[in-house]
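**Q** sequence plus the predicted model coming up.
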Amino acid sequence: MEYKESHIALFPLNIFLLPGDYTQLYIFEDRYKQLINDCIKDKMAFGIAFSNAINVQNLGSLVEVSEVIERHPGGEMDIMVKAISVFQLEKFYIQKEGKLYPEGKVRELEAVRNVKLGHQFLSRFREYLLKYKMYSSDVLAGMEPRIFDVANEMYLGDQEKVELVGLADPEKMENYLRNYIRYLELLQVQEKNVFQNIYLN
């Protein structure tokens with residue numbers, strides 16, 4: 001697998017983001033207030049180390065601060081972050097030298113981030129979007145998305161995200177999403193049947 005090795009600041013959290021994902025964070029601990037202020041000042045990305053028992057591969061998300069929503073009097077912050085890549089954590093350091101926050105040696109999984117999708121799969125995905133009237137999708141605008149653009153539109157759970165990234169092989173990742181489309185379609189049918197039964201009763 002293609003990767004880039006580096007040392008980055010870390011923020012352990014029970015959340016796993018795929019590239020393109022956004023999430024809001026409330027920063028209140030002194031060490032992480034320092035981390036975020038450093039990231040803003042130096043235009044630096046940081047890693048969210050996914051702290052969960054399902055993460056046996058030590059995966060994490062490389063994110064950047066996209067917006068400071070609010071700064072509070074005590075230095076606490078509400079921020080928005082955007083994931084730009086995924087990584088595998090090789091070594092965790094409790095404290096970066098000269099700083100309060102942790103640091104990690106990571107391998108950025110560049111090959112996974114850049115996986116392109118086949119035309120047959122994209123056609124199948126567009127069919128799914130149109131069938132369930134998801135017209136806001138960029139995929140319908142004629143764009144040629146990469147694999148995580150599509151995965152983000154499926155609202156995968158953390159378990160599914162970890163499984164997808166862990167496959168590493170482009171063909172296996174595409175097949176995983178194809179099967180997940182079938183799963184979502186089955187859920188739609190079941191929800192429709194439940195609604196009809198309630199209405200008839």
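**A** Yep, that arrived.

**Q** and the longest helix for this structure?
**A** helix 170-200 (DSSP state H).

**Q** elements contacting that helix?
**A** Judged by 3 or more C-beta pairs under 8 Å, 6 or more residues apart in numbering; DSSP states H and E, helix 170-200 is in contact with helix 119-131, helix 147-153, helix 158-167. Bear in mind the C-beta positions are built from the backbone N, C-alpha and C, glycine included.

**Q** tell me the mean pLDDT over it?
**A** For helix 170-200, mean pLDDT rounds to 81.

**Q** how about it: buried residues?
**A** By neighbour count on 16 or more other C-beta atoms under 10 Å, the buried set for helix 170-200 is Pro170, Met173, Glu174, Tyr176, Leu177, Tyr180, Ile181.

**Q** now do stretch 57-76
**A** By 16+ other C-beta under 10 Å, the buried positions in stretch 57-76 come out as Asn58, Leu59, Gly60, Ser61, Leu62, Val63, Val65.

**Q** could you double-check that the fifth one sits in contact with Ile8?
**A** Just to be clear, that refers to Leu62. Yes: between Leu62 and Ile8 there is a contact under C-beta atoms under 8 Å: 7.0 Å.

**Q** mutual contacts of the two, please.
**A** Shared contacts of Leu62 and Ile8, defined by C-beta atoms under 8 Å, 6 or more residues apart in numbering, comprise Ala45, Phe46, Gly47, Phe87, Val106.

**Q** pick out whichever of those sits closest to Glu191.
**A** The closest of these to Glu191 turns out to be Phe87 (C-beta to C-beta; 36.2 Å).

**Q** who's the residue nearest to the closest one when sequence neighbours are not counted bridged to?
**A** Leaving aside its chain neighbours, Phe87 sits nearest to Val106 (4.1 Å; criterion: C-beta to C-beta, 6 or more residues apart in numbering). With DSSP bridges as the criterion, Val106 is bridged to Ser6, Leu89.

**Q** right, and Val106 touches Ser6 too?
**A** Yes: using C-beta under 8 Å, Val106 is in contact with Ser6, at 6.2 Å.

**Q** ok, these two, which is more surrounded?
**A** Val106 (27 against 14; other C-beta atoms under 10 Å).

**Q** OK, contacts around the more buried one?
**A** Counting by C-beta under 8 Å, 6+ apart, Val106 has contacts Glu5, Ser6, His7, Ile8, Gly47, Gly60, Leu62, Phe87, Gln88, Leu89, Glu90.

**Q** just checking, which of the buried residues of stretch 57-76 belong to strands?
**A** Judged by DSSP state E, those include Leu59, Gly60, Ser61, Leu62, Val63, Val65 as members of strands.

**Q** wait, which of these is closest to Leu35?
**A** Val65 (10.0 Å).
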